[in-house]
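Peer 1: For reference, the sequence and a predicted model appear below.
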Amino acid sequence: MPASANTSPNFWVRDIPVFGDLILSPMDGFSDLPFRSLVRTLGSVMSYTEFVNAMDVLNGHPHLDQRLRYSEEERPVVYQIFDDNPERIVAAALKLREREPDIIDVNMGCASRSVAGRGAGAGLLRTPHKIAEIFKRLTAELDIPVTGKIRLGWDDKNLNYLEVAKIIEQNGGQLIAVHGRTKGQNYTGNANWDAIAEIKQAVSVPVIANGDVRRVADIARIKAHTGCDGVMIGRAAIGNPWIFSRLDRLQVPAELVRATMLDHLESMLDFYGYEHGQVLFRKHVVGYVSPHRLSRIQRKRLFNTQSPDEFITLLDEIILESVAA
Ligand SMILES: Cc1cc2nc3c(=O)[nH]c(=O)nc-3n(C[C@H](O)[C@H](O)[C@H](O)COP(=O)(O)O)c2cc1C
């Protein structure tokens with residue numbers, strides 16, 4: 001049964017109750033409305049959108065409408081912003097506020113060169129005074145809670161997660177999600193759950209632990225290890241949205257996998273349009289079929305179909321055959 005069936009909140013983000021402990025990670029290119037809606041029905045209890053660039057918000061970039069659209073069933077909805085400039089972040093957050101999200105989150109974790117390299121995302125970890133200014137100003141100007149998602153520091157010689165977590169809390173931040181790696185690690189090595197436990201001890205706002213939850217058993221392990229209030233799951237949800245119902249991929253019956261894939265495809269075709277939806281869905285197909293080795297010919301056919309109808313027929317044929325094998 002999804003954790004959202006709980007009647008008492010697991011934690012609060014200021015005055016917003018959260019009923020459950022598992023949350024889909026924000027993931028650029030994945031945590032769109034169709035995928036978020038799917039995982040919400042399976043037990044994820046908050047919806048973080050894909051991050052948006054404050055400059056794009058201020059310039060009214062045409063892609064934003066799609067990235068920021070959400071359904072009422074998803075609440076609490078968290079909009080995540082990135083930038084290195086406090087002024088722009090505040091102006092963008094005020095503009096985003098008009099779309100009535102429940103929470104605004106500041107990205108301090110993105111390690112990509114185009115983001116961290118210019119001092120945004122994980123680049124902000126190098127300028128804690130900016131983090132203080134951003135949270136102080138955001139929490140003064142917004143009437144909804146402000147939260148942060150961090151890494152542990154720029155690299156292993158510059159681990160400043162305790163300083164950053166305290167700055168976020170002292171300047172009004174209402175929740176801290178922690179990916180237990182440094183910017184330098186990117187996605188290599190292991191996530192450091194000890195550091196997440198230290199943060200949990202050091203602050204009194206909710207702490208969400210993130211990094212390397214790959215199987216259902218890892219959920220209890222990371223909770224016991226860190227004492228966190230919730231667990232954020234990213235890559236393991238791609239291909240196994242049932243992890244939010246505490247099922248490992250191989251525990252999910254083949255018929256359910258197939259039915260869910262087709263529902264997911266349909267919602268992506270509706271959301272993005274036929275052509276684009278089909279192309280974007282391929283990233284999920286890779287995840288869904290990952291436990292089952294497809295032949296090269298099957299793989300080629302799956303990724304080279306031109307029409308969505310043909311794609312659906314192929315999915316039906318290949319996936320059903322493959323998952324039943
Ligand atoms: C494809 C991809 C896109 C991501 N995009 C974002 C993002 O937009 N915002 C963010 O805070 N983190 C982003 N992340 C980081 C994840 O939220 C998460 O912190 C990271 O993947 C570690 O968790 P995991 O081990 O459960 O995957 C992204 C990760 C991946 C793999």
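Peer 2: Alright, I've got the coordinates. Numbering: from 1, shown residues only.
Peer 1: going forward, measure contacts and count neighbours with C-alpha atoms only.
Peer 2: Fine.
Peer 1: Check what pLDDT Ile16 gets.
Peer 2: Predicted confidence (pLDDT) for Ile16: 98.
Peer 1: hang on, I meant Pro308
Peer 2: We have a pLDDT of 66 for Pro308.
Peer 1: again with the one 5 residues further on
Peer 2: At Thr313 the predicted local distance difference test score is 79.
Peer 1: Number of residues surrounding it?
Peer 2: Residues contacting Thr313 under the criterion other C-alpha atoms under 10 Å number 12.
Peer 1: Then Glu275?
Peer 2: Residues contacting Glu275 under the criterion other C-alpha under 10 Å number 13.
Peer 1: In three-state terms, label it for me.
Peer 2: Following DSSP: H, G, I helix; E, B strand; the rest coil, the label given to Glu275 is helix.
Peer 1: quick one: what helix or strand has Ala195 in it?
Peer 2: helix 193-202 (DSSP states H and E).
Peer 1: hmm, that helix in reach of the ligand?
Peer 2: No. Helix 193-202 is not in contact with the ligand by C-alpha under 6 Å from any ligand atom; minimum separation 11.5 Å.
Peer 1: SS state for Lys149?
Peer 2: strand.
Peer 1: per-residue confidence for it?
Peer 2: Residue-level pLDDT assigned to Lys149 equals 98.
Peer 1: To which secondary structure element is the closest residue to it other than its chain neighbours assigned?
Peer 2: Distance criterion C-alpha to C-alpha, 6 or more residues apart in numbering; nearest residue to Lys149, sequence neighbours excluded, is Ala177 at 4.5 Å. Using DSSP H and E, Ala177 falls within strand 176-179.
Peer 1: any idea of the mean pLDDT in that strand?
Peer 2: What strand 176-179 shows for mean pLDDT is 98.
Peer 1: which helices and strands does that strand pack with?
Peer 2: Judged by 3 or more C-alpha pairs under 8 Å, 6 or more residues apart in numbering; DSSP states H and E, strand 176-179 is in contact with strand 146-150, strand 207-210.
Peer 1: Adding mean neighbour count and distance to the ligand, write those strands out as CSV.
Peer 2: Shown next, in CSV, are the helices and strands packed on strand 176-179 (neighbours: other C-alpha atoms under 10 Å; distance: least, C-alpha to the nearest ligand atom, whole Å):
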stretch, mean neighbour count, distance to the ligand
strand 146-150, 26, 6
strand 207-210, 28, 5
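Peer 1: picking up where we left off before, just how off-centre is the strand holding Ala177 within its chain?
Peer 2: Chain-centre distance of strand 176-179: 11 Å, with C-alpha atoms, centre = their mean, to the nearest Å.
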